[in-house]
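Asks: Here's my sequence, what's the structure:
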Amino acid sequence: MELVVFSLNYSSWSVRAWLALDHAGVAFEVRHIGAFVDEGWRDQLLAITGAAKVPVLLDGELTVHESLAICEYIAEAHPEAGLWPQGAHARARARAVSCEMASGFHSVQQEMPMNLWGRAKAFVAWQQVQAELVRIFRLWEEALHRSGGPFLFGAFSVADCMYMPVLSRLRTYGVEAPTGLQPYVEAM
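Replies: Below is the predicted model of the structure:
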């Protein structure tokens, strides 16, 4: 397998798929494409997938783009990795919160770009970012309460892959998670 990514330091979408593959113990190669840096980067992506987005998983003749779709594929191909909770109810909730991350929280993504190594000195979250963070924290609290932790649905799952970039953003921008979430932050 080969995972085509932009920098794992900056691309939250790429790091999500990388985490699922790594957790599953799958042998895979990483191909970095320097978005906005490498000459012809967009053409390189178009040659792989018409979506021209990363991440892209190449598995033989199969090409899968979009991080959540890649995570789903890895979970199905490697059920021993336990990337989804065992119970149908927990699995449905895990998929719902993963989809919410994939399709929402645009203000957090725009105003708090992922940078694993960066640290902002005087970040102030505007109202929409604060509202989205409150929603994220509530999702985490509910999942952890039901599962008992240490991860959102007990064991490490796709949901944790989807929210890891939020955790990195909290660290980068100096935003504290509520005290009750500290065990999750530390586990991640």
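
Asks: A helix includes residue 154, no?
Replies: No - under DSSP: H, G, I helix; E, B strand; the rest coil, residue 154 falls outside any helix and is assigned strand.

Asks: That one: how many residues sit nearby?
Replies: Neighbour count for residue 154, taken as other C-beta atoms under 10 Å: 19. In this view, the C-beta of every residue, glycine as well, is placed from N, C-alpha and C.

Asks: Roughly how far does it sit from residue 110?
Replies: As for residue 154, its distance to residue 110 is 32 Å (criterion: C-beta to C-beta, to the nearest Å).

Asks: go on, residue 89?
Replies: Going from residue 89 to residue 110 by C-beta to C-beta gives 33 Å.

Asks: Ok, residue 30 next?
Replies: Residue 30 is 26 Å from residue 110, where distance means C-beta to C-beta.

Asks: The protein - how does it break down into domains?
Replies: In terms of domains, the chain is parsed into 2-81, 88-187 (source: automatic domain parsing).

Asks: just the helices in the chain please.
Replies: For the chain, the helices defined by DSSP state H cover 12-24, 41-48, 67-77, 88-103, 106-111, 127-147, 158-173, 182-187.

Asks: which secondary structure elements does the third one contact?
Replies: Right, the one you point to is helix 67-77. Contacts of helix 67-77 with other secondary structure elements, assessed using 3 or more C-beta pairs under 8 Å, 6 or more residues apart in numbering; DSSP states H and E, are made with helix 12-24, strand 56-59, helix 88-103, helix 158-173.

Asks: which residues are contacting stretch 114-128?
Replies: Applying C-beta atoms under 8 Å, 6 or more residues apart in numbering, the set of residues contacting stretch 114-128 from outside is 8-12, 15, 107, 111-112, 133, 165, 168-169, 171-175.
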